[in-house]
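In: A predicted structure for the sequence below; I have some questions about it.
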Protein chains: 4
Amino acid sequence: MTDRAVTDRAVGARPGSDRAGSARAGSARAGSARAGSDRIVAAEVLVTSPGRNFVALKIVTADGLVGWGDATLNGRELAVAEYLREHVCPILLGRDPARIEDTWQYLYRGVYWRRGAVTMAAIGAVDLALWDIKGKAAGMPVSQLIGGAVRDRVLCYTHATGADTAALLDAVDATRARGFQAIRVQTGVPGLGAIYGVARDGAGYEPAGRGVGPVEETWDTDAYLRHVPGALAEVRAHVGPELALLHDAHHRLTPNQAARLAKALEPVELFWLEDVTPAENQEAFRLVRQHTVTPLAVGEIFNTIWDCKDLIQEQLIDFIRTTVVGAGGVTHLRRIADFAAVGQVRTGCHGATDLSPVTMGAALHFDTWVPNFGIQEYMRHTPETDAVFPHAYSFSQGLMQPGDAPGHGVDIDETLAAKYPYDPRQLPVARLEDGTMWNW
Amino acid sequence: MTDRAVTDRAVGARPGSDRAGSARAGSARAGSARAGSDRIVAAEVLVTSPGRNFVALKIVTADGLVGWGDATLNGRELAVAEYLREHVCPILLGRDPARIEDTWQYLYRGVYWRRGAVTMAAIGAVDLALWDIKGKAAGMPVSQLIGGAVRDRVLCYTHATGADTAALLDAVDATRARGFQAIRVQTGVPGLGAIYGVARDGAGYEPAGRGVGPVEETWDTDAYLRHVPGALAEVRAHVGPELALLHDAHHRLTPNQAARLAKALEPVELFWLEDVTPAENQEAFRLVRQHTVTPLAVGEIFNTIWDCKDLIQEQLIDFIRTTVVGAGGVTHLRRIADFAAVGQVRTGCHGATDLSPVTMGAALHFDTWVPNFGIQEYMRHTPETDAVFPHAYSFSQGLMQPGDAPGHGVDIDETLAAKYPYDPRQLPVARLEDGTMWNW
Amino acid sequence: MTDRAVTDRAVGARPGSDRAGSARAGSARAGSARAGSDRIVAAEVLVTSPGRNFVALKIVTADGLVGWGDATLNGRELAVAEYLREHVCPILLGRDPARIEDTWQYLYRGVYWRRGAVTMAAIGAVDLALWDIKGKAAGMPVSQLIGGAVRDRVLCYTHATGADTAALLDAVDATRARGFQAIRVQTGVPGLGAIYGVARDGAGYEPAGRGVGPVEETWDTDAYLRHVPGALAEVRAHVGPELALLHDAHHRLTPNQAARLAKALEPVELFWLEDVTPAENQEAFRLVRQHTVTPLAVGEIFNTIWDCKDLIQEQLIDFIRTTVVGAGGVTHLRRIADFAAVGQVRTGCHGATDLSPVTMGAALHFDTWVPNFGIQEYMRHTPETDAVFPHAYSFSQGLMQPGDAPGHGVDIDETLAAKYPYDPRQLPVARLEDGTMWNW
Amino acid sequence: MTDRAVTDRAVGARPGSDRAGSARAGSARAGSARAGSDRIVAAEVLVTSPGRNFVALKIVTADGLVGWGDATLNGRELAVAEYLREHVCPILLGRDPARIEDTWQYLYRGVYWRRGAVTMAAIGAVDLALWDIKGKAAGMPVSQLIGGAVRDRVLCYTHATGADTAALLDAVDATRARGFQAIRVQTGVPGLGAIYGVARDGAGYEPAGRGVGPVEETWDTDAYLRHVPGALAEVRAHVGPELALLHDAHHRLTPNQAARLAKALEPVELFWLEDVTPAENQEAFRLVRQHTVTPLAVGEIFNTIWDCKDLIQEQLIDFIRTTVVGAGGVTHLRRIADFAAVGQVRTGCHGATDLSPVTMGAALHFDTWVPNFGIQEYMRHTPETDAVFPHAYSFSQGLMQPGDAPGHGVDIDETLAAKYPYDPRQLPVARLEDGTMWNW
């Protein structure tokens, strides 16, 4: 599979291509969607694994501008890579890179089979690369293009985990020492083994496992519900009232269990409680909301505005966590954020290491602009990843800034990337003790 | 790309594999969901293009049973093929083929990124292949396993198209002469060129175009709305009151335009009016429904029950058109149909040539069982396709039957399939006269 | 009444019967729903009372397959027996046993007077017998036919009762010693005599009393509400946090009393609180739900999906307790469970001794398959009952398994059954202190 | 089966019986529900078939009063007979016949398995018999006891049917000639054979067929929808604007088809359109109601107030057609009518010949009292039936009156009844052309 590790097949430049002509011959509008001055001449997919797998899209224009997009879909990376390589890259050639909106609509409406994680990650990758190009063409960072920053630095949170409460308190202390003002705390549960969000060995938590099949974890909701309120209360007592604490229930609860947990956690005064119940059925959040004022966040697996429309319209959540790549790029995420603002819902972009630095760079530009910003998740990538993706963004004192580079400020060292071939991994799955598949 | 044309990489048998052991060591449940007697020993993806592209999944068990699934996603075929090949096939090995439900849940919940056309087509392919195997193991057609047929033959409709009304009437007559009792009529619109659903040359209509990029058609809703009611009224006058007439608006209208058209078409007494407006926002159908009693159908692009939950719950549609492969196989489509029955909504499975005969075979078994059956779409595959996919189902006098073979009754001639390598095609896109991307 | 004790009147085989001919003469569809290869040649009702009364339906096919269904309706047994014997058995003859869905629809729609406990128990008996036959025809257990097991063993709960708290704690300890991980606790109430769910003499609780008329118990809701929260809190303190505790309020409370009880029991962290208020009016649960996060269960007296549609759609319950026989068999219970899954509601099939081992066998097959399984009730039948109904299922360490026999795995020893003639019994009724009839 | 034809087993008088004593020993209330002066000493079930099958319940008191109830459930007669005979009659003995409300609650709440046609018909029979007794004890007709008549005669409608429109017009004329001011018109449909509501031979329409199994009719909704609006318009044109016309769609339509029909029939100005769609899901009527002002009637198959609660609360119907026996007697029907009045819904009791003259007598007493009376259905019984059931009620000039006899005014000639043994019949079932079971 070495041959997939780097830009494996450039869809070559086709100067002068104008495929639309035949279909719309005789149309009066002179190249309505094709009137820009520059043209896309290459679109290539790159898969690299400097510690974990990332998919990147590189778009090159006739003017020599290069834009990078992130197309990583954790555990399903090659499906997106193939989607782009075979079905999207060829039709990008010859298009005007400046017409971002038209390209977005072209790919979203043009696919016929809209929505879904694979499709939207592919569209998101194209969109990010085009905004990167437009920034470079204008000599402006992306935040400038979309309205300009309303803040220079953004609050971010990271994770502290412990197999037991003592270890968790130590991790929280260590995390505060790194300057974080907001920390997501996840705790081991007595009687359960590996569990979402809790590192097994004191190292950083990385759920995607190496090997042919997914790791199967055993889940017990009752054990979790018995343990978590007390553990988080201890954390709150330990850190005092000011530190922002977050917690992620990771889709494991039914709506009523979620209501029970959220109610039990009210004294902890969480910044948010995340992913309390699966959200395919947005109405599921009604029950939770009815019983508690604990702030609720959801959205890292959302792909379009349709996934959160009812949640926002009915005031069922407080934070929307959709990412710039998962939701089809800056173009669509901006719409989700604007729609969220109508309901006074704030953003809290997912920012785990399952997305490449390209997404982090773009997210930070988005974050500095978006009026209804809430918080940004931040997990440190491995040094290997940082080396493959040189970037302008930086972290300091619990805050991040995107840097001033034109575009989104994240580059890729293709030579270095080539040294890290694709390394199959999958996210774990969860089963109940009796074997029932559960939500991981 | 020839090397993709046939079963390109068998994920070999791994006898004795028991991946769960390591992950759940110490658990008391000894292979809870894996305790059956047979095992999957091979899972292979096959791409073939006997007239158009199809993706098939072949699952082989230790007992020598072979099951076939369809994984075709029109215009995005290779993304699904790669999804299966790289991310699904490896983890199927060693699993008990009889545990269909567990495998469905494993793939749906296990992917973390649920829903979406690519994901659900991949799951659907696995599900179809496993029901095929179970039928062969039991010596029963799939319809038997899911409850037994409540009808032996099912009503189906096909398409008649004409660039103008005269040509359309001729096409309708020719279609009736083939025995059809239900016909979907699509008409050219004065002033518009190529248009959805209308054959350009009297041959069968096949929207997916060969070549690098999608054909771009020009769309004018007003022209369409001015022309269609009269044209369809002429068809109704021509055929008399009994022939079932259907029409597909193919997502082109706003909700209020849809209401206007549906109301204008009431005298034509359509069997159904299809896809009147995009359904990402299910509430969009409320407005249509409020103004008209013309029966409404939608769903060929739906992938899960969540895509139609509100449509059904609020009685906004009359027919759900989701396919057995698009919605994750028999296992999930059954749930959609049962849910639809609660709202007295009937089925009308999409059955165009963008799906392989495997889907048609499975659909017909489903159709003969499902109590709230409405109609089945039927477009004749090319002779080349029929040769590659020998099948038990048949058409006669406007009705189809699945045949009595165990499983779903559709096989694949792998040697012949290998002669038709993948041939890139894409569905068209639509633009308004001014260049605006529109829904195709 | 001895002559009713066993198969009392076989509706003899009528080879070659084809009742449809006369009614639909001239129809083109030649026996559309009757074209299978096998035929039902006998359908007989058996009433036996090995400790308590059971009604069984035996269906025999021309191929010699025998299927058993349970038709027991506690305290109204003979009404169902007569319904089957006089109105259903005769019309089963000549039908294809494989067409389970058609037969279900035939009996449900065909009766005109749909729903209701008597009707649905009769339909359920036929459905169970037909799935038993299909399993035997395929050589597969019922769980295989409906999708395959997703778990091998299922969690079950039984009952512990005490006239006072000390006795209850003893009973709980004894029940744990039998291996149960989940226990429904019912307690006597000071000032009240006989009460639902509490054994009078340390023996197993069996509500149906022998004799001409129902026992009349006196009920006092206030006394109950004063006593139960404290008593259950003592149980929780006694057993520690892990044991799953359940409690059944048995329809005695108004919605607001139910809300009050459920809220008061929150510290006990029940697995569920059952039947808090009569559910003829499903909206009654809205008030309860609004005030508490105690998990709610209901449904043992439900007969169709219509009895729980709003409860599920509005997220008013957590567990649906409908049984395989009460709800018209596997065919309909599957629909209820799938509908419940849309609302993240889990199953908890009623499994008291008022249903025969046939229902328990079928329930366990259902339980091992159903993705949204919650728990299974289990009351041990008398040794006499077990002897009359030899079965493949078994209990061990708080878990049950259905066994591997084809069909549902429960047989009937007809010779032995004949030794236990029908023995009239009725469930008790409840009155308030002033004589007001109350919900038992 | 001859031995079932008449009072087949009197449950003998048991003077002084007081079964409750043991269960409520120590209770302060001295025989709270047993304090009346009279006692039930016999309760017997009678099955007779003077042209069609009827089930009657005879209750005799120690004072020598005799009350008759109707327990007929068309096509499932013996299930109700057995329900009463085995499970109800024995527990009536010794009860005070004056305590009607207590007995109603005793049977409704006491059965545990509430609702359903079999159960409620049994309760209805008891209730009717007790009201008959109370009337005789007071020397008053039932209407007097429940509040007194607000009208002396009540408007009724009967049926006119024709295989074609000419025959229908003749039938309408003949019906008017009999004095009817309101006529339900049902028409044959071109291309369909036997159809609900249309007599095949000019004789009275009687759907229940003789023979072992139900007649299977073929149904085609489209043919029906094409034909009926025109046919009914012809009837309206023929009779002029004043005659009240009714039509029964008999549950055959989906909600949207029902809306379409009701809308198309608006020019006919129906008195009502009946049973447009199955009502298990009461919300189904929302869609119909949204599209039309044609008055809607439903309810002949309803058994309790719960079956119409939403229909009335949401103003979805205009007439509630529940019968006195189907809904548990005068005691419960009165509650339904009162609830209906809250929504300005009027009554229109089902009164076909599938119910005995006992029900007709009771219905007419109810009708003369009920403030929100709408209309009463009236089908003439056969002379044989009239002879078996001598009755006080009468018809004249399109109006009916209950007569002045004490009680409900309907007696049974037991000697004559014995000459008509049970004669098995079943209602037809309906299938679509392809074999799909449909609503009859």
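Out: Perfect, thanks for sending it. Numbering: from 1, shown residues only, chains lettered A, B, ... in the order given.
In: where does chain A have low pLDDT?
Out: Residues of chain A meeting the criterion pLDDT under 70: A:1-36, A:200-204, A:212.
In: Residue of it closest to chain B, please.
Out: In chain A, the residue found nearest to chain B is A:Gly116; the distance is 1.8 Å by Cβ to the nearest Cβ. All C-beta spots, glycine's among them, are computed from the backbone N, C-alpha and C.
In: For that residue, what are phi and psi?
Out: With angles defined as degrees, to the nearest 10, A:Gly116 sits at phi 90, psi 150.
In: ok, it touching B:Phe302?
Out: No - A:Gly116 is not in contact with B:Phe302 according to Cβ atoms under 8 Å; the separation is 11.4 Å.
In: Any residues of the stretch 201-350 of chain A in contact with chain B? List them.
Out: When proximity is defined as Cβ under 8 Å from any Cβ of the partner chain, the stretch 201-350 of chain A approaches chain B at A:211-218, A:280-281, A:301, A:303-304, A:306, A:309.
In: Buried ones in the helix or strand containing A:Ala121, by neighbour count?
Out: Taking DSSP states H and E as the criterion, the element that holds A:Ala121 is helix A:117-138. Within helix A:117-138, the residues scored as buried using 16 or more other Cβ atoms under 10 Å in any protein chain shown are A:117-137.
In: go on, stretch A:388-399?
Out: Of the residues in stretch A:388-399, A:Val388, A:Phe389, A:His391, A:Ala392, A:Tyr393, A:Phe395, A:Gly398, A:Leu399 count as buried by neighbour count, 16+ other Cβ under 10 Å.
In: and A:Thr353, what is it in contact with?
Out: Residues near A:Thr353 by Cβ atoms under 8 Å, 6 or more residues apart in numbering or on different chains: A:Gly51, A:Arg52, A:Gly204, A:Glu206, A:Met379, A:Arg380, A:His381, A:Thr382, A:Thr385.
In: contacting residues around the spatially most central residue of chain A?
Out: Centroid-nearest residue in chain A: A:Thr323, 3.7 Å away (criterion: Cα atoms, centre = their mean). Listed by Cβ under 8 Å, 6+ apart, the contact set of A:Thr323 reads A:Glu300, A:Leu333, A:Cys349, A:His350, A:Gly351, A:Leu355, A:Thr359, A:Ala363.
In: So the third one sits against A:Val325, correct?
Out: No - shown here, A:Cys349 and A:Val325 do not form a contact pair, counting by Cβ under 8 Å, at 9.9 Å.
In: Quick check: beta-bridge partners of A:Gly162?
Out: Beta bridges link A:Gly162 to A:Thr187, judged by DSSP bridges.
In: what's the spacing between A:Ala233 and chain D?
Out: Distance, A:Ala233 to chain D, using Cβ to the nearest Cβ, to the nearest Å: 44 Å.
In: Now for that residue: which residues touch it?
Out: A:Ala233 makes contact with A:Pro267, A:Val268 under the criterion Cβ under 8 Å, 6+ apart.
In: Checking it next. Helix, strand or coil?
Out: Three-state call for A:Ala233 (DSSP: H, G, I helix; E, B strand; the rest coil): helix.
In: now A:His381
Out: Going by three-state DSSP: A:His381 is coil.
In: Quick check: residues of chain A near chain C?
Out: For chain A, the residues in contact with chain C (Cβ under 8 Å from any Cβ) are A:222-223, A:225-226, A:254-257, A:259-260, A:263, A:277-278, A:281, A:283-284, A:286-287, A:290-291, A:434-437.
In: quick one on the thing from earlier: buried only: go through the residues of the stretch 201-350 of chain A next to chain B for me.
Out: By 16+ other Cβ under 10 Å, those give A:213-218, A:280-281, A:301, A:303-304, A:306, A:309 as buried.
In: among the residues you listed, which are in helices?
Out: Of the positions in those, A:Lys309 sit in helices, assigned by DSSP state H.
In: Let's test this: what are the backbone torsions at the nearest residue to A:His381 once chain neighbours are set aside?
Out: Distance criterion Cβ to Cβ, 6 or more residues apart in numbering or on different chains; nearest residue to A:His381, sequence neighbours excluded, is A:Thr353 at 5.4 Å. A:Thr353 has phi and psi values of phi -80, psi 0 when expressed as degrees, to the nearest 10.
In: likewise A:Leu265?
Out: With angles defined as degrees, to the nearest 10, A:Leu265 sits at phi -90, psi 0.
In: hang on, it packs against A:Ala231?
Out: No - using Cβ under 8 Å, A:Leu265 is not in contact with A:Ala231, being 10.5 Å away.
In: what sits up against stretch A:131-140?
Out: With contact meaning Cβ under 8 Å, 6+ apart, stretch A:131-140 is reached by A:38, A:59, A:61, A:63, A:65-69, A:97-98, A:100, A:141-142, A:144-145, A:329-331, A:362, A:406-408.
In: Show the buried residues in the residues you listed.
Out: Among the contacts of stretch A:131-140, those classed as buried by 16+ other Cβ under 10 Å are A:38, A:59, A:61, A:65-69, A:97-98, A:100, A:141-142, A:144-145, A:329-331, A:362, A:406-408.
In: Now the residue in the stretch 51-200 of chain A that chain C sits nearest to, what are its backbone angles?
Out: Residue nearest to chain C within the stretch 51-200 of chain A (Cβ to the nearest Cβ): A:Gly191, separated by 8.4 Å. Dihedral pair for A:Gly191: phi 100, psi -20, per degrees, to the nearest 10.
In: In contact with the nearest residue to it once chain neighbours are set aside, which residues are there?
Out: The shortest distance from A:Gly191 to any non-neighbouring residue, by Cβ to Cβ, 6+ apart, is to A:Ala223 (5.1 Å). Contact analysis of A:Ala223 by Cβ under 8 Å, 6+ apart lists A:Val189, A:Pro190, A:Gly191, A:Leu192, C:Glu242.
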